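In: Have a look; sequence and predicted model below, questions after that.
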Amino acid sequence: MQLFALVLSHQHWWLYVLDVEKKHIFLIDSKNVASPTPERTEMNRFPSNILDQLLKLAGRESMFKKGQTSLLPMYINISQQPNDYDCAVFVMKWMVELDPTILRECHAETREHNIPPWTEAELEKFREKIVAHILLSPENLMRMDVVTEVNEIHLIRPGAHLRSPFTQLDLADLKSD
């Protein structure tokens, strides 16, 4: 069993993957392949303490060896974001697409793995998918306002090369919800 723990600190998102059976913690960060600061190193001890408490509550033995109080996660050498604002996109993409069993095969010293890097086109497609999901989700109480406003702004339809998927929505389908 694997647990995902998202972290937002200093306007940056990263992801811990906690492998309960193997008692390993992996850190997936789109900006760093090693701990960037002593503060971050100290922060990285926290997930192992939480996991250890969860194991004890579930009646399992501690994940720490005698005298050990925490584990530092293994940073995975993974695709790095090309800018200063895509960290949340990377975290969401990993949560959707990452097979945690691949991490079990990750070599501890080289951090080599079988996770292919993402292209800019793949990231752009994923961004579009996220935006569409958020805007058109039934849980979005403002979705009709958004769709109406987009349609009002785009009264003159742009050419196919500029057309947005949001300007091609069938409002009848959305109003029936």
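Out: That came through fine.

In: partners of residue 9 in the sheet?
Out: residue 12 (DSSP bridges).

In: Equivalent analysis for residue 3, please.
Out: Using DSSP bridges, the beta-bridge partners of residue 3 come out as residue 18.

In: can you give me the strands for the protein?
Out: Taking DSSP state E to define them, one finds strands in the chain at 2-9, 12-19, 24-28, 74-75.

In: pull the CA atoms of the longest helix along the chain into CSV?
Out: Ranked by residue count and defined by DSSP state H, the top helix of the chain is helix 120-136. Output of helix 120-136 as CSV, limited to C-alpha atoms (Å, rounded to 0.1, in the frame of the first residue of the first chain):
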residue,chain,number,x,y,z
GLU,A,120,6.0,20.2,-22.9
ALA,A,121,3.1,19.0,-25.2
GLU,A,122,2.1,16.4,-22.6
LEU,A,123,2.2,19.0,-19.8
GLU,A,124,0.1,21.4,-21.9
LYS,A,125,-2.5,18.8,-22.6
PHE,A,126,-2.7,17.9,-18.9
ARG,A,127,-3.1,21.6,-18.0
GLU,A,128,-6.0,21.9,-20.4
LYS,A,129,-7.6,18.7,-19.0
ILE,A,130,-7.3,20.1,-15.4
VAL,A,131,-8.8,23.5,-16.3
ALA,A,132,-11.7,21.9,-18.2
HIS,A,133,-12.3,19.5,-15.3
ILE,A,134,-12.3,22.3,-12.7
LEU,A,135,-14.4,24.7,-14.8
LEU,A,136,-17.0,22.2,-16.0
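
In: same for that helix, what does it pack against?
Out: Applying 3 or more Cβ pairs under 8 Å, 6 or more residues apart in numbering; DSSP states H and E, we find helix 120-136 packed against helix 87-97, helix 143-153. For the C-beta atoms, the positions are set from N, CA and C on the backbone; glycine is no exception.
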